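Asker: Return atomic coordinates for the entry below.
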Amino acid sequence: MSIHSPAVLDKKFIEMMKLLNIYLNHFPKHEKYALCNVIRNTAYQLYDLITEAQKKHHKKTTLSMIDITHEKLRMQIRLAHELNYFAYKDERLSEKSPEILALHRLTALQRLIDEFGRMIGGWISHERAQEKGNALTCCA
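Answerer: Below is the predicted model:
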């Protein structure tokens with residue numbers, strides 16, 4: 001099973017979305033229909049593009065859009081952290097300050113997003129190598 005197989009990408013995306021949804025549910029009420037919604041929609045758009053790319057024969061444009069959408073998601077998460085939206089209290093972890101918890105939440109989410117990004121990058125590299133191989137085969 002390759003790193004960009006549907007099963008591996010689906011599993012990683014679902015893992016990322018589970019964690020992301022937990023954090024988004026704790027955003028301030030005034031952001032529920034603003035940044036929270038934008039982040040969620042960007043993540044869903046990313047998933048739609050991945051599904052589309054898996055079914056297309058020519059993937060170059062769609063893979064480019066996946067890469068761009070992934071970067072948008074990364075930037076939106078960083079903005080949410082800068083606005084301190086990950087710093088909510090957790091009764092189970094009451095001994096830790098909200099700032100420390102926010103940093104832990106950001107780090108956990110960024111790791112998943114980065115891993116997902118590496119998978120996307122591997123997929124792009126794989127497709128480029130296949131294109132070069134096809135170009136050499138048809139011209140030889």
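
Asker: How about the residue nearest in space to the middle of the chain: what's its closest non-neighbour residue?
Answerer: Geometric centre of the chain, nearest residue: Ile113, 4.4 Å, by CA atoms, centre = their mean. Nearest non-adjacent residue to Ile113, counting by CB to CB, 6 or more residues apart in numbering: Arg74, 5.6 Å away. Glycine gets a C-beta too; all of them are placed from N, C-alpha and C.

Asker: The one you found is in contact with Gly117, isn't it?
Answerer: Yes. Contact criterion CB atoms under 8 Å: Arg74 and Gly117 qualify, at 7.3 Å.

Asker: same for the one helix or strand Gln54 maps to, what does it pack against?
Answerer: If you go by DSSP states H and E, Gln54 is part of helix 35-55. Contact here means 3 or more CB pairs under 8 Å, 6 or more residues apart in numbering; DSSP states H and E; on that basis helix 35-55 packs against helix 6-24, helix 60-82.

Asker: and these as a markdown table, adding mean pLDDT?
Answerer: Below are the helices and strands packed on helix 35-55 laid out as a markdown table (pLDDT from 0 to 100):
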| stretch | mean pLDDT |
| --- | --- |
| helix 6-24 | 89 |
| helix 60-82 | 95 |
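
Asker: where in this protein is pLDDT low?
Answerer: Counting by pLDDT under 70, the chain contains low-confidence ranges at 1-5, 91-95, 135-140.

Asker: hey, which helix is longest across it?
Answerer: Using DSSP state H, we find that the single longest helix of the chain is helix 98-139.

Asker: and the angle for it with helix 6-24?
Answerer: Angle, helix 98-139 to helix 6-24, by axes from the mean of the first three to the mean of the last three CA atoms, to 10 degrees: 160 degrees.

Asker: does Tyr88 count as helix, strand or coil?
Answerer: coil (DSSP: H, G, I helix; E, B strand; the rest coil).

Asker: Asn25 is in contact with that one, correct?
Answerer: No. The criterion here is CB under 8 Å, and Tyr88 misses it with Asn25 at 9.6 Å.

Asker: The two: who's more crowded?
Answerer: Tyr88 (15 against 10; other CB atoms under 10 Å).

Asker: wait, what's in contact with the residue lying closest to that one once chain neighbours are set aside?
Answerer: Residue nearest to Tyr88 in three dimensions, not counting chain neighbours: His26, with 4.4 Å by CB to CB, 6+ apart. Counting by CB atoms under 8 Å, 6 or more residues apart in numbering, His26 makes contact with 85-86, 88.
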